[in-house]
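**Q** Give the three-dimensional model of this entry:
(chains A, B and C)
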Amino acid sequence: MAAVQETVDRVKSIDVTEYKYGFSSVIEMDKAPAGLNEDIVRLISSKKNEPEWLTEWRLEAYRRWLTLEEPDWARVNYPRVKFDELHYYAAPKSHSGPKSLDEVDPELLRVYEKLGIPLQEQELLAGVEGAAQRRVAVDAVFDSVSVVTTFKNELAKAGVIFCPISEAVHTHPELVKKYLGSVVPTSDNYYSTLNAAVFSDGSFVYIPKGVRCPMELSTYFRINEQNTGQFERTLIIADEGSYVSYLEGCTAPRRDENQLHAAVVELITHDDAEIKYSTVQNWYPGDAEGKGGIYNFVTKRGDCRGKNSKISWTQVETGSAITWKYPSCILRGDGSRGEFYSIAISNGHQQVDSGTKMLHLGKNTTSRIISKGISAGKSQNTYRGQVSAHRKATNARNFTNCDSLLIGNDCGAHTVPYIEARNDSAQFEHEATTSKISEDQMFYCQQRGLSAEEATALIVNGFVRDVLQQLPMEFAVEAQKLIAISLEGSVG
Amino acid sequence: MLEVRDLIVSIAGNTILDGLNLTVRDGEVAAIMGPNGTGKSTLAYVIAGKEEYEVEGGEILVDGEDILAKSPDERAAAGVFLAFQYPVEIPGVGTMTFLRAALNAQRRARGEDELTTPAFMKRVNEAGAMLEIRKDFMKRALNVGFSGGEKKRMDILQMALLEPSVAILDETDSGLDIDAIRIVSEGVNKLRSAKRSFVLITHYQRLLNYIVPDTVHVMSGGRIVRTGGKELALELEQSGYRDFAPHSAAQPAAE
Amino acid sequence: MPARIVSSRTDAEVALADAYGAAKTRLPGGEAVRHLRDDAFGIFAGAGLPHRRVEAWHYTDLRSLMREALPVAARPNGSSLGAINGELAGRPSFGGGRLVVVDGTFVPSLSDALPEGAGVRSLADVLSEGRPELIDLLAARDFGEGDAVLALNAAMMQDGVVIEIDPGAEIVEPIEIVYATASAQPAASFFRSLVVVGDGAKVRIAESSIGRGGRAGQTFGCLVFKVGDRAEVGHTAAITRSEAGSLRLDSFVADLGARAQFDSFALVDSEGLVRRQLFMRFSGDDAKAQLRGVSLCQGREHVDTTLDVVHRGLGCEGREHFRYILDDAATGVFQGRIRVEKQAQKTDGKMMSRALVLSDEASMHNKPELEIFADDVACGHGATVGSLNADQLFYLRARGLDKRSAESLLLEAFAGELADEVGHEGLVARFRAEIAHWLGERTKAGKGSGGSKG
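**A** Sure thing, here's the model as predicted:
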């Protein structure tokens, strides 16, 4: 008992304020006045010189949003967001449209350097072995605006479009118009509708037919400004037979107020295409008393539009005060496949309500869900998932495994799956377990010389291994470190 | 060298070890025998530092140093190794990952450098070969899906890697067939050295045919009640433990 | 997520309010009971009939499924009782005593005396007598979290049985509660029964129905178990013999004492809409419970089993296992929530639901939930949905069975397996016969020859 007690004590003593990425930077910002109305929506649109159709699209979403109510079905409790006190647009002042790296404000570059995000193409090019394999193209989004995108030219040679969505609106209007809002319609839910009205920037990716994207693409999101909401919008289209692996990372400074992050991500795969989307979410979780932290209310959805296409979501969720997030797959194309691999760690006063939806519409569609939740401190961690097979989705297959691990006795772990079969050929299997690190395992590891912290880390890493394996190598290493930091005190 | 002096241990209010004394010198192999429920496994767990036991008196010295205040991992670093009666399964944790983590943790605790990958691999491969452990086992999660014999061999492999000064084998023969006992025993015999003390806890004499002890202690009622040479084990095989009723009318303790 | 819909009351809700208003002065019970009824009706009126947005009723939208509220059944008269008596006479009895409830009213003249150590009275008598501890148990206020249907039953309860088992008593044969319908017109009945099992007592309660009245009625039943420390209780329910278009809403409450053992099995083979909601709480330490059920569904039936299991005591073991066979355009719903409170360390909870879907038109909805607030627990749940195993079918056919027989054999095994665990030969035989009957009818109707796919 005592070994576990020790772990519990250590978890209790965790200083959540030791958030590694909690510095803030002084950068001159151009901010819209607080509050939201049609004028602000128009302002955002005009700041970006948007075509009229997009301004209208935003306004329609805004009007729709006014009729909606904030959802309350998730197992999260928090003081409601004061939407009229938020700033809906913030951009670094020096910024006026996407630039080459040389022109970027050096202060901004220093921020990303501190975050360990490689914006220097040169550094990467000079990088070690297997250069082509290991290079990562980065789109860095600072508050609301994409500040720099690396490797653009090289990607262009392969025909890959990777740029801020605000740029794509001008350079590839036909693609944006065709796909924007086609997976997450403007009226989908409260937060996504708000996003449609005020989204500021985000990444746009188009992989042409038959192209295997020559490098990993990634976006780093950073919230810096006070009292801002961040509303990025990401749109990724994989045309027939193409493949792309996309990584997303997030950090925010430590602030006493809660900050809102309401992003929308839309993925589209055509016939035989595949998108692998990985997230390491490390927004500021709030301090030891639960003060401050990001509200992460994100809508992520992939549409396997083409036959035999595949979308795979992998997420490592360690940050945010409140997480409300269900990356989903619409398995529309016959033979399409959806995957969801998740590690969600909650500590301190964090509340996580996350999971996925696998909607089987096409024939012979398959899906797989592996979710690992770890709750520590005073946190609440909920897996909420839906698997459904529609009448015509013959031979739909799903396997779901969701396991929860509890560390300490002030936290909660919850599992809420919805499993709906509407035909006789669906085969769904679901299993879930909740347990704690057994005393026998702890003692065994300690007997072999590992400290309680090392033993906990080892066992936790074993617990999440199935999911870590799904991440690209560089990310997996980072994620593993992040897990250790998130459980700091209980993990060495 | 292991010295246990006047050790009194209870669990949930029941006294299990009741003033136990035991000395195992460097290089000595001591067998502890006795009827079920007499506290043999308790002794092993208490030396290794399992938490639910209440040590009410006495001391345990390893190489002259009292270890009672140490945590299990500190005791491991001090040279205590327990081969478990039931080695634990740890899903998802690769055997190699575990071995390396344990070895390096102990080396760090002792102020030694961590092993390089080639040096580590070499040692694991040598130990694996000695214990006839198939290479693919090392790729699996620790003890998961291993048979009883495979788990025991994995434990002895760890002993070979970690080079303890006090090795305690708790009913290592239980549940093993003859071939498995032979392999495990050969491994143990190769690990006998002038610097290492062994404590073999066993209910049956059988294991002692393979690992010949220097001394045999009979335990009953939470104490060592008789000590002799290896011939004592053969005697017990003949007469059983009935001559060694607990020294008092106290409740037979749970193991 | 669209905005919350503020809707006006449905016809059924208005009719139920009228029915309560008209009946409340005539319903049994003194001042305290009247308060209880008013409070309960307040809960119902506040929430209305449950609908999709009420999480516990997500898959059974009662507001749209219950179009009208039928008039409350009158007390049964002499001639209808005669017919029921005739039917009862033809039914084998287990000898533990049979209690007959007709249209929600306990009829002592049709019922047996209970064996020594057990006593029975009508709910109406108990309510009128007003012993506070029994009223409290009957009210079961801290179960169901304001569930509107449970509250409606508490407001409207007309009658039922109150069975008390003396501490230490061992009742060997099952005490049967038999439900019968007499009313000539489609009617609604509201009954609530209570079984108080003293410390260390042993008893088995078997519920079943007789008669096919030829009417689509609405029944709102509730059975409350208060199980004393170390008591051993078995419970079975055969939910059969209702008509297409009927509505059957059964609530079941069990509060378990320390080291109690509780075992419940239900077979649902019923037409129309059936919802069983089971609220069980492990209040004492080291209790063990098993909840099991088999639902055989065809036509346009809608069968819902919803569990809410709360672990409050230390070291309790819960096993929940429910199976469904769904044919035609039937809908099966299984919702199971295991909640482990903070102090309920060493809880061992396992829940399983399995469904065989035999028709393209049938649906199965599963929502097995875990809500864990204690860290030293081993809890798990599993859910499978699928068709018959093709390998097993092939194996049987390779051994010479035709497709229909092979299918029946597998279905019978699937359903029968859980019934076999009931632990009373006579009851097992009854459930087995019911399952065989269902399968026989299915085969006769010519189903199951083309259904299953790889």
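
**Q** So what sits opposite residue C:236 in the bridge?
**A** Assessed by DSSP bridges, residue C:236 has beta-bridge partners residue C:206, residue C:265.

**Q** is it true that it touches residue C:206?
**A** Yes: counting by C-beta atoms under 8 Å, residue C:206 is a contact partner of residue C:236 at 4.8 Å. In short, each C-beta sits where N, CA and C put it, glycine included.

**Q** Give the residue spans of the stretch 151-255 of chain B that score low on pLDDT.
**A** Where the stretch 151-255 of chain B drops to pLDDT under 70, the residues are B:245-255.

**Q** Helices along that one, start to end?
**A** Using DSSP state H, counting those that start in this stretch, the helices of the stretch 151-255 of chain B run over B:178-191, B:207-210, B:231-239.

**Q** Name the helix or strand for residue C:320, please.
**A** strand C:317-326 (DSSP states H and E).

**Q** Name the next helix or strand downstream of that strand, please.
**A** strand C:331-340.

**Q** quick one: pLDDT of residue 119?
**A** By default, I'm working from chain A. Residue A:119 carries a pLDDT value of 51.

**Q** wait, chain C
**A** 95.

**Q** Close to chain B: what parts of chain A are there?
**A** A:1-3, A:438-441, A:443-452, A:454-455, A:458-459, A:461-466 (C-beta under 8 Å from any C-beta of the partner chain).

**Q** mind running it again at 7 Å?
**A** Residues of chain A lying near chain B by C-beta under 7 Å from any C-beta of the partner chain: A:1-3, A:440-441, A:443-444, A:446-451, A:454, A:458-459, A:462-463, A:465.

**Q** Considering only those, which also neighbour chain C?
**A** Okay, of these, nothing touches chain C (C-beta under 7 Å from any C-beta).

**Q** Out of these, which sit inside helices?
**A** Using DSSP state H, A:2-3, A:440-441, A:443-444, A:446-447, A:454, A:458-459, A:462-463, A:465 are the members of those that sit in helices.

**Q** Out of these, flag the one nearest to residue C:297.
**A** Nearest to residue C:297 among those: residue A:463, at 38.7 Å, using C-beta to C-beta.

**Q** Got the phi and psi for the residue nearest the centre of chain A?
**A** Geometric centre of chain A, nearest residue: residue A:279, 4.7 Å, by C-alpha atoms, centre = their mean. Backbone torsions of residue A:279, given as degrees, to the nearest 10, read phi -130, psi 130.

**Q** how close does it get to chain C?
**A** Distance, residue A:279 to chain C, using C-beta to the nearest C-beta, to the nearest Å: 23 Å.

**Q** ok, the biggest strand by length in chain A: who's next to it in the sheet?
**A** Longest among the strand segments of chain A by residue count, using DSSP state E, is strand A:293-304. Partners of strand A:293-304 in the sheet, by DSSP bridges, are strand A:258-261 (parallel), strand A:264-269 (parallel), strand A:322-325 (parallel), strand A:328-331 (parallel).

**Q** Show the subsequent helix or strand relative to that strand.
**A** Using DSSP H and E, the helix or strand that follows strand A:293-304 in sequence is strand A:310-317.

**Q** Let me know how buried the closest residue to residue C:75 other than its chain neighbours is, in neighbour terms.
**A** Using C-beta to C-beta, 6 or more residues apart in numbering or on different chains and skipping residues adjacent in sequence, the residue nearest residue C:75 is residue C:105, 5.6 Å away. By the criterion of other C-beta atoms under 10 Å in any protein chain shown, residue C:105 has 20 neighbours.

**Q** Show me where the stretch 1-150 of chain C has its helices.
**A** Per DSSP H, counting those that start in this stretch, the stretch 1-150 of chain C carries helices over the ranges C:11-23, C:31-47, C:62-65, C:78-89, C:123-129, C:132-139, C:148-156.

**Q** List of residues touching the shortest one?
**A** To tie it back to what came earlier, the one meant is helix C:62-65. Contacts to helix C:62-65, defined as C-beta atoms under 7 Å, 6 or more residues apart in numbering or on different chains, come from residues C:10, C:48-51, C:273.

**Q** And that helix, what's buried?
**A** Buried residues in helix C:62-65, defined by neighbour count with 16 or more other C-beta atoms under 10 Å in any protein chain shown: C:62-63, C:65.

**Q** With the second one instead?
**A** With burial defined by 16+ other C-beta under 10 Å, the residues of helix C:31-47 counted as buried are C:33, C:36-37, C:40-41, C:43-45, C:47.

**Q** quick one on the thing from earlier: can I assume the residue nearest to residue C:75 is in contact with residue C:77?
**A** No: Residue C:105 lies out of contact with residue C:77 (C-beta atoms under 7 Å); the separation is 10.9 Å.

**Q** farthest residue from the center of chain C?
**A** Farthest-out residue of chain C from its mean C-alpha position, per C-alpha atoms, centre = their mean: residue C:398, at 40.1 Å.

**Q** quick revisit: joint contacts of residue C:236 and residue C:206?
**A** With C-beta under 7 Å, 6+ apart, residue C:236 and residue C:206 have common neighbours residue C:427.

**Q** sorry, back to before: which among the buried residues of helix C:31-47 gets closest to residue C:358?
**A** Distances from residue C:358 to those, taken by C-beta to C-beta, are shortest for residue C:47, at 35.7 Å.

**Q** can you list the domains in chain C?
**A** Using automatic domain parsing, the domain parsing of chain C gives C:11-284, C:389-454.

**Q** looking only at pLDDT, what's the mean for the last one?
**A** Pointing back at domain C:389-454 there. 81.

**Q** Stretch C:310-319 vs chain A: in contact?
**A** No: contact of stretch C:310-319 with chain A (C-beta under 7 Å from any C-beta) is absent, the minimum separation being 11.8 Å.

**Q** which residue does the stretch 101-250 of chain B bring closest to chain C?
**A** The nearest approach of the stretch 101-250 of chain B to chain C comes at residue B:144, 17.1 Å away (C-beta to the nearest C-beta).

**Q** In contact with residue B:113, which residues?
**A** So residue B:113 contacts residue B:107 (C-beta under 7 Å, 6+ apart).

**Q** phi, psi of it?
**A** Torsion angles, degrees, to the nearest 10, at residue B:113: phi -70, psi 150.

**Q** any idea how far residue B:121 is from it?
**A** Residue B:113 sits 16 Å away from residue B:121, taking C-beta to C-beta, to the nearest Å as the criterion.

**Q** Measure how far stretch A:328-336 is from the centre of its chain, please.
**A** 20 Å (C-alpha atoms, centre = their mean, to the nearest Å).

**Q** now the end-to-end length of it.
**A** Taking C-alpha to C-alpha, to the nearest Å, the first and last residues of stretch A:328-336 lie 13 Å apart.

**Q** what's next to that stretch, contact-wise?
**A** A:271, A:301-311, A:338, A:356-365, A:367.

**Q** what about residue C:153, neighbour count?
**A** Other residues close to residue C:153 by other C-beta under 10 Å number 25.

**Q** what's near enough to touch it?
**A** Neighbours of residue C:153 in contact, by C-beta under 7 Å, 6+ apart: C:190, C:192, C:220, C:222, C:251.

**Q** mind running it again at 10 Å?
**A** Residue C:153 makes contacts with C:40, C:44, C:140, C:144, C:147, C:160, C:190-192, C:219-222, C:249-251, as judged by C-beta atoms under 10 Å, 6 or more residues apart in numbering or on different chains.

**Q** and if you look at residue A:384?
**A** Residues in contact with residue A:384 (C-beta under 10 Å, 6+ apart) are A:73-75, A:324-326, A:352-357, A:371, A:402, A:414-418, C:369.

**Q** Can you tell me which of the residues you listed end up in helices?
**A** Going by DSSP H, the helices hold none of the contacts of residue A:384.

**Q** Cool, thanks, signing off.
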